[in-house]
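In: Below is the sequence, then the predicted model.
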Amino acid sequence: MDEQQTQLKRTNLHPQSSHYPWLSLFKNSRFQLTLMALIGIFLQNVIWWVYPLIYGQHLNAQLPLDLQFLLGYTISLALAIFLMLYHQFHSIGALLILAINVLFTFSNLIKGDILVFTALLSFTFFLVALQFKWFKLRSIWGLITFALANAFIIPLTVFYLQNKYVTQPFILTLFPLFLCYLYFMTPLFIVNITKKRLTSLGLGILLIITLLTLPINFWTICAIAIVISTWLILINLKLSYAKLVPLLLAIQAVTVLILFLQQY
């Protein structure tokens, strides 16, 4: 009788869990990490692929058919980046994935062009170096290099493989993307609270000024509102690192997608 009463009390305390057992799955830390990693991979690849593909359509560009190796490269790279950031720049899993990632650069499509091959391989090696403290890349210089690599290397690779050339106007349109990476990744690279806030403030102002040089419309205003809100709330709010990483990645992806909509 006592056992039945105890079980009844537990059911009353957790009515949702008893009626919807699948809800308990979302409380599992491994499931949460897997879900966040999958979302991070998707959002990162959207940032890298969508804009150059849209831009290339205006030039009647065509992608090569054998893109599975480049797609494998970007998917594995996005996963390694997420794990690295989530585990505060030291993840054995990320290093193993980056080792596999190197194999994708030796596909016929990529290694056929020495510039593309060198750029992608350099990106991978930089992410490996980023995880070793003696390189001291968790700093403003590491942040700048990380932002440059993310904003330019893969979008330019996709554009180049479409057109077999790169135009200066396309390179210039990637500058706001570079500033987005700088701004949203600052809290993860700059540890000191005061330096983090001041650096984020300066980069946020620079990003807003850059956005104001673009045609002003509804999407521009939305992007500016997100940048301001992020600094006022998220960057100054004391969140656990595990929560901060997926939030910053998600907000950055939304801001970048809004910028894409602003231009098309």
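Out: Received it, and whenever you're ready, just let me know what you need. Numbers count the residues shown, from 1 in each chain.
In: so who does the residue positioned nearest the centre of the chain touch?
Out: Per Cα atoms, centre = their mean, the C-alpha nearest to the average position across the chain is that of residue 44, at 4.4 Å. Each residue near residue 44 by Cβ atoms under 8 Å, 6 or more residues apart in numbering is listed here: 74, 78, 81, 82, 249, 253. (Each C-beta comes from the backbone N, C-alpha and C, glycine too.)
In: go on, residue 88?
Out: Neighbouring residues of residue 88 by Cβ under 8 Å, 6+ apart: residue 241.
In: Please identify the helix or strand for it.
Out: Counting by DSSP states H and E, residue 88 is held by no secondary-structure element, helix or strand.
In: Roughly how far does it sit from residue 132?
Out: Look at residue 88 and residue 132: by Cβ to Cβ, to the nearest Å, they are 13 Å apart.
In: Over to residue 206?
Out: Using Cβ to Cβ, one gets 30 Å for the distance from residue 206 to residue 132.
In: my guess is residue 251 contacts residue 234, does it?
Out: Yes. Between residue 251 and residue 234 a contact is recorded at 7.2 Å, counting by Cβ atoms under 8 Å.
In: Measure how far stretch 36-47 is from the centre of its chain, please.
Out: Put simply, stretch 36-47 sits 7 Å off its chain's centre (Cα atoms, centre = their mean, to the nearest Å).
In: How about stretch 216-232?
Out: Its chain's C-alpha centre and that of stretch 216-232 lie 19 Å apart, by Cα atoms, centre = their mean.
In: Stretch 136-148 now?
Out: Per Cα atoms, centre = their mean, the centroid offset for stretch 136-148 relative to its chain is 15 Å.
In: Sketch out the low-pLDDT regions of the protein for me.
Out: By pLDDT under 70, the weakly predicted segments of the chain are 1-28, 60-61, 63-66, 108-112, 263-264.
In: What's the local residue count around residue 47?
Out: The local packing of residue 47 (other Cβ atoms under 10 Å) involves 25 other residues.
In: List the contacts of residue 215.
Out: residue 262.
In: Next one: residue 50 from residue 252, what distance?
Out: 14 Å.
In: in what helix or strand does residue 51 lie?
Out: Assessed by DSSP H and E, residue 51 sits inside helix 29-57.
In: tell me which residues of that helix are tucked away?
Out: Neighbour-count burial for helix 29-57, with 16 or more other Cβ atoms under 10 Å as criterion, is recorded at 36-37, 40-41, 43-45, 47-49, 51-52, 55-56.
In: Make a markdown table out of those residues and add distance to residue 160.
Out: Output for the buried residues of helix 29-57, formatted as a markdown table (distance: Cβ to Cβ, whole Å):
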| residue | distance to residue 160 |
| --- | --- |
| 36 | 31 |
| 37 | 29 |
| 40 | 25 |
| 41 | 23 |
| 43 | 23 |
| 44 | 19 |
| 45 | 17 |
| 47 | 17 |
| 48 | 13 |
| 49 | 13 |
| 51 | 14 |
| 52 | 9 |
| 55 | 12 |
| 56 | 10 |
